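*Asks:* Next one to model:
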Amino acid sequence: MVEHDLSRSGQCHQLNFPFLERLNLKTVIYLSHDEPSQPFLNFLLDQGIDLVRPSGVDEQTNNPATPMSEAEVLSALQVILSPQYYPLHVMCNLGRHRTGTVIGCLRKLQRWNLTAIFEEYRRYAGSKVRLLNEQFIELFDTDLVRIPVEHPAWL
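*Replies:* Residues are numbered from 1 along each chain as shown. Got it, this is the predicted structure:
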């Protein structure tokens with residue numbers, strides 16, 4: 001759980017579907033460049049869950065090590081800041097880098113201090129921390145984010 005009705009993970013498999021069902025999700029933001037698995041797409045369809053791919057995610061290289069662009073992060077944050085998508089789940093291939101970057105930028109928008117943001121990022125990234133992602137979060141300009149009039153109460 002990231003916040004109330006906002007969760008995160010890596011790519012889900014059939015073993016995870018019962019847990020996801022309990023979240024009563026309305027939307028999943030999928031940040032990976034690769035296509036979601038067919039069983040996962042079938043699960044979303046069966047549950048009536050919308051799949052959102054932020055602009056730019058499917059337009060770049062398929063190299064998973066490619067850092068997220070500012071446009072991708074801003075697009076993902078616009079969805080995260082819009083209550084009509086809730087309950088919402090954010091995911092990428094392993095739930096580490098792309099998801100961690102977006103959540104790190106969200107934490108910056110929530111005015112968390114950088115030490116706490118990086119601690120959370122590192123908790124999920126483990127030994128696979130990418131300094132470019134931490135630098136991106138540190139330099140991310142929160143003034144670029146349009147905060148909707150109606151936004152989650154935790155912002």
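
*Asks:* For stretch 141-155, give the mean pLDDT please.
*Replies:* Taken as a whole, stretch 141-155 has an average pLDDT of 96.

*Asks:* In CSV, please show the C-alpha coordinates belonging to it.
*Replies:* C-alpha atoms of stretch 141-155 as CSV (Å, rounded to 0.1, in the frame of the first residue of the first chain):
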residue,chain,number,x,y,z
ASP,A,141,10.3,19.7,-10.7
THR,A,142,7.0,19.3,-8.8
ASP,A,143,5.8,22.6,-10.3
LEU,A,144,5.3,20.8,-13.6
VAL,A,145,2.5,18.7,-12.0
ARG,A,146,-1.1,20.0,-12.5
ILE,A,147,-3.0,19.3,-9.3
PRO,A,148,-6.6,18.7,-10.1
VAL,A,149,-9.3,20.5,-8.1
GLU,A,150,-10.6,17.2,-7.0
HIS,A,151,-7.6,15.2,-5.7
PRO,A,152,-7.0,12.5,-3.1
ALA,A,153,-7.3,13.7,0.5
TRP,A,154,-3.7,12.5,1.3
LEU,A,155,-2.1,15.0,-1.1
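
*Asks:* Going by neighbour count, which residues in that stretch are buried?
*Replies:* Burial within stretch 141-155, assessed by neighbour count using 16 or more other Cβ atoms under 10 Å, is assigned to 145, 152. Quick note: C-beta positions are derived from backbone N, CA and C, even for glycine.

*Asks:* all strands for the chain, in order.
*Replies:* Counting by DSSP state E, the chain has these strands, from start to end: 6-9, 27-30, 50-52, 88-91.

*Asks:* First residue to last residue on stretch 134-150, what's the distance there?
*Replies:* 29 Å (Cα to Cα, to the nearest Å).

*Asks:* swap in stretch 107-114?
*Replies:* Stretch 107-114: ends 9 Å apart by Cα to Cα.

*Asks:* and if you look at stretch 21-33?
*Replies:* Using Cα to Cα, the end-to-end distance of stretch 21-33 comes to 24 Å.

*Asks:* and if you look at stretch 27-40?
*Replies:* 13 Å.

*Asks:* Next, find the distance separating the most far-flung residue of the chain relative to its centre from residue 90.
*Replies:* The outermost residue of the chain relative to its centre, with distances by Cα atoms, centre = their mean, is residue 46 at 22.1 Å. Applying Cβ to Cβ, to the nearest Å, the value for residue 46 to residue 90 is 21 Å.

*Asks:* What of residue 128?
*Replies:* 18 Å.
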